[in-house]
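1. Task: produce atomic coordinates for the following.
(one chain, ligands or ions: 1)
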Amino acid sequence: MKIDLSLIGMEKGRQYETIITTKNAQNVYNAAPIGVICSGPDRTVSRIFKGSHTLENIINTKEFVVNITHEPEIFTLSTLGNLSRDYFNDDLSLKCAEAYFRCEVISLTEAVKQSDPVKKKDEAIVIKSEVTDMTIIKNTKALNRGFSYVVESLANLTRFDMVDDDQKEIYLSQFKEAYRVVRKVGTKDDLKAMGEIKKELKSKGYDL
Ligand SMILES: Cc1cc2nc3c(=O)[nH]c(=O)nc-3n(C[C@H](O)[C@H](O)[C@H](O)COP(=O)(O)O)c2cc1C
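-> Take a look at the predicted model:
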């Protein structure tokens, strides 16, 4: 099928939360949630911290599969441990994937991103890759954290005038964090929405 990440809603320059699956030399399959930035119709960039099985496997095999799923159980199990082999197809994709694409590594570079809360040098590797194969099982959009932050911020905004100053401070720090994340990973529409929320707070006398 045609390789074009926009077919699964991935915008250039934006980051999506996916499950990356890899295997090691002993053919043990591994899954972990990893943020994948779309850098072109058939290009991705990820930053993976040292010490993970995912990074070790990618360094060794120079390939990986990016799975699109919205199942909380899959994100949780693969963060806290590993998925059992039953969750995988033989081709390394996940059985629950709504879409998946195979990537081949173009480059691996030591890096640290200044905007990130984790700033230790030499702790992560930036992986640039080419998408070599893409499968869409059902119509889906890759998961972006931006929209959840917009909805959460709107919910807090509706309560803002009803709460005391201490709770307002809590909401303000949550708005700030939401704004930071949306600026970093959100879509154009998420950014526009957060801009409106920012304006509304300003009209109440609060600057983010
Ligand atoms: C939503 C989400 C996104 C994540 N994104 C990344 C990422 O981009 N890079 C990274 O190194 N770790 C990321 N993590 C953390 C890894 O998934 C976690 O360290 C995992 O345990 C690594 O598993 P592994 O050792 O099987 O590779 C993310 C976790 C979650 C829940």
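2. buried sites along stretch 44-63?
-> For stretch 44-63, a neighbour-count test (16 or more other CB atoms under 10 Å) marks 44, 45, 46, 47, 48, 52, 54, 55, 57, 58, 63 as buried. Where C-beta positions appear, they are placed from N, C-alpha and C, glycine not excepted.
3. tell me, which of the residues you listed make contact with the ligand?
-> 46, 47, 48, 52, 54 (CB under 6 Å from any ligand atom).
4. Switch the residues you listed over to a markdown table; also include pLDDT.
-> Below are these laid out as a markdown table (pLDDT from 0 to 100):
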| residue | pLDDT |
| --- | --- |
| 46 | 98 |
| 47 | 96 |
| 48 | 97 |
| 52 | 96 |
| 54 | 98 |
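5. Contacts only, for residue 187.
-> Listed by CB atoms under 8 Å, 6 or more residues apart in numbering, the contact partners of residue 187 are 11, 14, 144, 146, 147.
6. List just the nearest of the residues you listed to the ligand.
-> The ligand has its nearest neighbour among the contacts of residue 187 in residue 144, at 10.9 Å by CB to the nearest ligand atom.
7. Make sure the closest one is actually in contact with residue 16.
-> Yes. The criterion here is CB atoms under 8 Å, and residue 144 meets it with residue 16 at 5.5 Å.
8. Between these two, tell me which one has more neighbours.
-> Neighbour count, other CB atoms under 10 Å: between residue 144 and residue 16, residue 16 has more, with 25 against 22.
9. ok so, going back, secondary structure added to the ones next to the ligand among the buried residues of stretch 44-63, as JSON lines?
-> Below are these laid out as JSON lines (DSSP: H, G, I helix; E, B strand; the rest coil):
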{"residue": "46", "secondary structure": "strand"}
{"residue": "47", "secondary structure": "strand"}
{"residue": "48", "secondary structure": "strand"}
{"residue": "52", "secondary structure": "coil"}
{"residue": "54", "secondary structure": "helix"}
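10. what's the distance between residue 70 and the ligand?
-> 12 Å (CB to the nearest ligand atom, to the nearest Å).
11. Oops, could you answer that again for residue 123 instead?
-> Residue 123 is 9 Å from the ligand, by CB to the nearest ligand atom.
12. what about that residue, neighbour count?
-> Using other CB under 10 Å, residue 123 has 14 other residues around it.
13. so it makes contact with residue 49?
-> Yes. Contact criterion CB under 8 Å: residue 123 and residue 49 qualify, at 5.8 Å.
14. Please report the distance of the residue lying closest to residue 131 once chain neighbours are set aside from the ligand.
-> Of all residues not flanking residue 131 in the chain, residue 42 sits nearest, at 4.3 Å (CB to CB, 6 or more residues apart in numbering). The gap separating residue 42 from the ligand is 20 Å, by CB to the nearest ligand atom.
15. Which residue ranges make up the domains of this protein?
-> According to automatic domain parsing, the chain is divided into the following domains: 5-136, 145-203.
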